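[1] Give me a model of this one.
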Amino acid sequence: MQSPPPPAKRRREVKDNEDAPSAASDADADRISALPDDVLHRILSPLPAHEVVRTCVLARRWRDVWRSAPAVRVTAAGGWWDTATEINAFLDGLLRLRRRGGDGDDSRLESFVLDLDAADLGFAGYLPGTVNEQHISRALRRAVRHNIRVLRLRLRSFQERMLLVLPDRPFVSRHLTTLELTHVSVTSGILDFSECPSLVDLTMNRCYIIARISSLSLNRLIFRDCALCDIRIYMSLPGIRLLEITLHSGRAPLFFESMPLLESATVVLRYGCDDRWGCYGYIRSDGMKIFSLLERLSEATNLCLFAHPGMFIFNRDLYWCPTFNKLKTLELNDWCVDSDLYALFYFLQHSPVLEMLTLHLSKVRKDSFQTTGSYKPLGQLASDRLKKIEINHYEFFDERVRKIFKILSTYVTPLQVYMSARCELIIPLLMLLFCILSKYI
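    I've put the predicted structure just below:
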């Protein structure tokens, strides 16, 4: 019979057996849960909100982490909701149950993004709908009350003419700096930013705008593929630095004050705009001008003006004789290239520091550009810095390009002209040249 081990040895064996489970538990420990809250928040913030909320069931440590994440992004990706009632209930409870932090609090909500794509929803007909619109509007207002800095509403793939109508009430927030709206109809209340003194960035995509915009703090304004109402809209943006306006219908906006800080401006007027006829809202009843669009844009350093050839507004503004004293880069399209090249040469004669000119020319009808006349500029061109002209044109053999180059080369020496053509004839000509050369090789 084997004798038992001595007491000291037995104590060592017991101690070793007790340490073995401890080592195994360390290997299987939840190291992610041991991370500090700010690291967990950085992990959760890019995820969809419904996935973030689900983390509350992982462990006791995760129960309230989602309530203090600094960014919330609500999306329908993955077909999570099957009915409008489900998504509305989620929107109502998301911010209501969230922890509300103050200035300097780590739990403060910084960004709220509501990004809904109709293709991701598990049902049809969410918008338009009065009840559903009220839930979306309530979620936006509740987010603003959390003192957020960034607010984005993106509605995609919904019916083109069925826009979300937001209540005619202004946002009130001294913290809001960035606002983005997509597929929304906005009125005067929404666009009155007098109660948002920190707002510097406003972006609107595919929106219908029926009221003036006023802001003392706004630095960046972008309209992408928007529509303005038939009555001309006025804007008051004395602090604007970057301006991008692309309209597919309505009338071009006008500005009350000058914009001395303006650095870059882009205005694109597509075929559906109403500035092809008349000048309603542009000239007073007694015949005196109120102010011109180009006159307000004359402070820009970089300027891009695109319009359908039938638009009158740019050509009309040239008669008010604005001078572009800061303009260094200029982009124009077909509207400035008529039979006498008046608009093109106006800019060259009234832009004393112009360095770069880019022309985008589309396909031209044979009867739309006559070359029988010749344009004789009055005096020399204003800028002696213009050394480069880039011409992007549709047809390889474009008479307009030849005429522009002939005239400009007389006044600009030396002149570098960069041309790129999008022509149906280039490929057939190259194929023909290849066939010819192949016979002699």
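
[2] Give me the number of neighbouring residues for the closest residue to Tyr234 other than its chain neighbours.
    Distances taken as Cβ to Cβ, 6 or more residues apart in numbering put Arg212 closest to Tyr234, at 4.7 Å, once the chain neighbours are dropped. (C-beta placed from N, C-alpha, C; glycine too.) Residues lying near Arg212 (other Cβ atoms under 10 Å) number 16.

[3] Now do the contacts for Arg212.
    Going by Cβ atoms under 8 Å, 6 or more residues apart in numbering, Arg212 touches 188, 191, 233-236.

[4] right, and Asn147 touches His175 too?
    Yes: in this structure, Asn147 is within contact of His175 by Cβ atoms under 8 Å, at 4.5 Å.

[5] Break down the stretch 201-350 of the chain into its helices, ranges please.
    293-297, 313-318, 342-349 (DSSP state H, counting those that start in this stretch).

[6] Point out the most buried one among the ones you listed.
    helix 293-297 (a mean of 22; mean count of other Cβ atoms under 10 Å).

[7] In the stretch 101-250 of the chain, mark out all the strands, start to finish.
    111-117, 150-156, 164-165, 178-182, 184-186, 201-205, 208-209, 213-214, 220-228, 234-236, 242-249 (DSSP state E, counting those that start in this stretch).

[8] Just put those strands in JSON lines and tack on distance to Asp384, mean pLDDT and mean neighbour count.
    Converted to JSON lines, the strands of the stretch 101-250 of the chain look like this (distance: least, Cβ to Cβ, whole Å; pLDDT from 0 to 100; neighbours: other Cβ atoms under 10 Å):
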{"stretch": "strand 111-117", "distance to Asp384": "48", "mean pLDDT": "90", "mean neighbour count": "20"}
{"stretch": "strand 150-156", "distance to Asp384": "45", "mean pLDDT": "92", "mean neighbour count": "19"}
{"stretch": "strand 164-165", "distance to Asp384": "52", "mean pLDDT": "84", "mean neighbour count": "18"}
{"stretch": "strand 178-182", "distance to Asp384": "41", "mean pLDDT": "95", "mean neighbour count": "21"}
{"stretch": "strand 184-186", "distance to Asp384": "46", "mean pLDDT": "88", "mean neighbour count": "19"}
{"stretch": "strand 201-205", "distance to Asp384": "37", "mean pLDDT": "96", "mean neighbour count": "19"}
{"stretch": "strand 208-209", "distance to Asp384": "41", "mean pLDDT": "90", "mean neighbour count": "21"}
{"stretch": "strand 213-214", "distance to Asp384": "39", "mean pLDDT": "88", "mean neighbour count": "20"}
{"stretch": "strand 220-228", "distance to Asp384": "33", "mean pLDDT": "93", "mean neighbour count": "19"}
{"stretch": "strand 234-236", "distance to Asp384": "35", "mean pLDDT": "86", "mean neighbour count": "17"}
{"stretch": "strand 242-249", "distance to Asp384": "28", "mean pLDDT": "92", "mean neighbour count": "19"}
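
[9] Of these, give the one that comes closest to Pro36.
    strand 111-117 (20.4 Å; Cβ to Cβ).

[10] Just the pLDDT for Arg54.
    Arg54 is assigned a predicted lDDT (pLDDT) of 88.

[11] try the one 5 residues further on
    The predicted local distance difference test score for Ala59 is 85.

[12] what's the weakest-modelled helix or strand in this protein?
    Here the helix or strand of the chain ranked lowest by mean pLDDT, DSSP states H and E is helix 7-27, holding a mean of 48.

[13] right, and the helix or strand after that one?
    helix 37-44 (DSSP states H and E).

[14] how about that following helix: buried residues?
    Within helix 37-44, the residues that count as buried by 16 or more other Cβ atoms under 10 Å are 40-41, 44.

[15] Distance from that helix to the middle of the chain?
    Helix 37-44 sits 28 Å away from the centroid of its parent chain (Cα atoms, centre = their mean, to the nearest Å).

[16] Please apply the same query to stretch 122-133.
    25 Å.

[17] That stretch spans what distance, first to last residue?
    18 Å (Cα to Cα, to the nearest Å).

[18] Pull out the buried residues from it.
    Result for stretch 122-133 [16+ other Cβ under 10 Å]: buried residues 126-127, 132-133.

[19] now it: mean pLDDT?
    pLDDT averaged over stretch 122-133 gives 76.

[20] Count the neighbours of Leu386 for me.
    22.

[21] Looks to me like it is in a strand.
    No: the assignment for Leu386, made by DSSP: H, G, I helix; E, B strand; the rest coil, is coil rather than a strand.

[22] residue contacts, it?
    Contacts of Leu386 (Cβ under 8 Å, 6+ apart): 348, 354-357, 412.

[23] per-residue confidence at it?
    Taking Leu386 on its own, its pLDDT is 80.

[24] Also Ala77?
    Predicted confidence (pLDDT) for Ala77: 76.

[25] And Leu357, by the same measure?
    For Leu357, the predicted pLDDT is 89.

[26] So it is in contact with Leu330, correct?
    Yes: in this structure, Leu357 is within contact of Leu330 by Cβ under 8 Å, at 5.3 Å.

[27] Report the angle between the helix or strand Ile404 falls within and helix 342-349.
    Following DSSP H and E, one finds Ile404 within helix 399-411. If you take axes from the mean of the first three to the mean of the last three Cα atoms, to 10 degrees, helix 399-411 sits at 30 degrees to helix 342-349.

[28] what is the mean pLDDT for helix 399-411?
    Per-residue scores along helix 399-411 average to 73.

[29] partner residues bridging Pro71?
    To be clear, residue 71 is Ala; Pro isn't right here. Ser111 (DSSP bridges).

[30] From His146, how far off is it?
    12 Å (Cβ to Cβ, to the nearest Å).

[31] contacting residues around Leu303?
    264-266, 297, 324, 327, 329-331.

[32] Determine which two of those residues are furthest apart.
    Thr266 and Phe324 (14.7 Å).

[33] neighbour-wise, which of those two wins?
    Of the pair Thr266 and Phe324, Phe324 is the one with more neighbours under other Cβ under 10 Å, namely 23 against 19.

[34] This completes my enquiry, with thanks.
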